[in-house]
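> Got a predicted structure plus its sequence, pasted below:
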Amino acid sequence: MKKLIITAAIQGAELTKEITPYLPVTPEEVAIEAKRAWEEGAAVIHLHVREPDGSPSQSTERYRENIDAIISTGCDAIIQVSTGGAVHMTAQERGGPLKLKPEYATLNTGSINFGQDVFINSVAIMEELALEMKKGGVRPEFEVYEEGHIHNAMALVRKGLVTGQLNFDFVLGVPGAMAPTVKNLFHLIDAIPHEANWTVSGIGRDELILGGVAVFIGGNVRVGMEDNIYYSKGVLAKSNSELVARIVRIAKEFDRDVANPAEARSILGIERKRA
Ligand code: KMH
Ligand code: ZN
């Protein structure tokens, strides 16, 4: 089995401190959380950022501030910027962090109901973001919430908008999209090319179950407050690093080695851009 790549989705776009006081929001808080998650074994930090008033942002400048703050801690993790942003944002707005030519970025490959909202990823939006990533040498990770999103991703590959190593993230359990079951996970794994990498992001309490399955069968795992704010039933995670540390412990018990950022870059086909 390849080494296990753990992604920490430390903040998300929808949460607030009222929902969990442990949510990192400011660049300083984000940097501390990213460093702690990396120290526990996360090779990838999935990053959203906020305006000073706490509202979700895809501003190039806000991303720059947060990324600089993370790097200044000595954290060497791959920083994966979001191009999903928050629902209702335009494609142009969502592409803000791509101007920084980051190493890694999400590319959402289909529309879904997202709680009470609709998260729109039309072909035009997907193609615009994919092209910008290609031009900037940014490795995309396909965010897949439904099986059809795999077909959309492969259409981008056929059109030459995505080349090289393919990486998928199966986000299961969003209210309005595919349910977070092991059966669904296996179905999605069967639908991607054999040589592609995959990660699973289970929403809520299914984060642990699906993450555990991925550890056993050779996939990768995303954990973090964006997907799940609890450590156990009714107990909030006090830091994203607690969720990372638990996956590392499970991996150790099953003799699965955890990838460091350099190993993860090699597996994911990511060009290192930091000295
Ligand atoms: N906030 C969600 C609407 C991504 O980061 O690419 C989209 C999202 C996916 O979080
Ligand atoms: Zn996200």
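Ah, there it is. Ligands and ions are numbered 1, 2, ... in the order given.

> Name the next helix or strand following the helix or strand containing residue 214 along the chain.
Per DSSP states H and E, residue 214 falls inside helix 206-217. Going down the chain from helix 206-217, the next helix or strand is strand 220-223, by DSSP H and E.

> That following strand vs ligand 1: in contact?
No: using C-beta under 6 Å from any ligand atom, strand 220-223 stays clear of ligand 1, coming no nearer than 10.6 Å. Where you see a C-beta, it was placed from the backbone N, CA and C, and this is true even at glycine.

> and what of stretch 130-141?
No: Stretch 130-141 lies apart from ligand 1 when judged by C-beta under 6 Å from any ligand atom; the minimum separation is 8.4 Å.

> Which positions in the stretch 101-250 of the chain make contact with ligand 1?
Near ligand 1, when you scan the stretch 101-250 of the chain using C-beta under 6 Å from any ligand atom, you find 106, 108, 114, 119, 143.

> sec struct for residue 195, please.
Following DSSP: H, G, I helix; E, B strand; the rest coil, residue 195 is assigned to coil.

> quick one: what helix or strand has residue 67 in it?
Using DSSP H and E, residue 67 sits within helix 60-72.

> list the helices and strands that helix packs on?
helix 27-40, strand 44-47, strand 49-50, strand 78-81 (3 or more C-beta pairs under 8 Å, 6 or more residues apart in numbering; DSSP states H and E).

> now the end-to-end length of stretch 227-235.
Start and end residues of stretch 227-235 are separated by 15 Å (C-alpha to C-alpha, to the nearest Å).

> Can you give the contact residues for it?
9, 12, 15, 19-20, 22-23, 171, 173, 201-205, 207-208, 236-238, 242-243, 246 (C-beta atoms under 8 Å, 6 or more residues apart in numbering).

> how about a cut-off of 7 Å?
Stretch 227-235 is contacted from outside by 9, 19-20, 201-205, 207, 236-237, 242-243, using C-beta atoms under 7 Å, 6 or more residues apart in numbering.

> Name the spans of the stretch 1-150 of the chain whose pLDDT lies under the cut-off.
For the stretch 1-150 of the chain, no stretch has pLDDT under 70.

> Could you count how many residues lie near the residue in it positioned nearest to ligand 1?
At 2.5 Å from ligand 1, residue 84 is the closest residue in the stretch 1-150 of the chain, using C-beta to the nearest ligand atom. Using other C-beta atoms under 10 Å, residue 84 has 23 other residues around it.

> quick one: it from residue 190, how far?
Separation of residue 84 from residue 190 (C-beta to C-beta, to the nearest Å): 25 Å.

> repeat for residue 24
As judged by C-beta to C-beta, residue 24 and residue 190 stand 36 Å apart.

> How about residue 78?
With C-beta to C-beta as the criterion, residue 78 and residue 190 are 27 Å apart.
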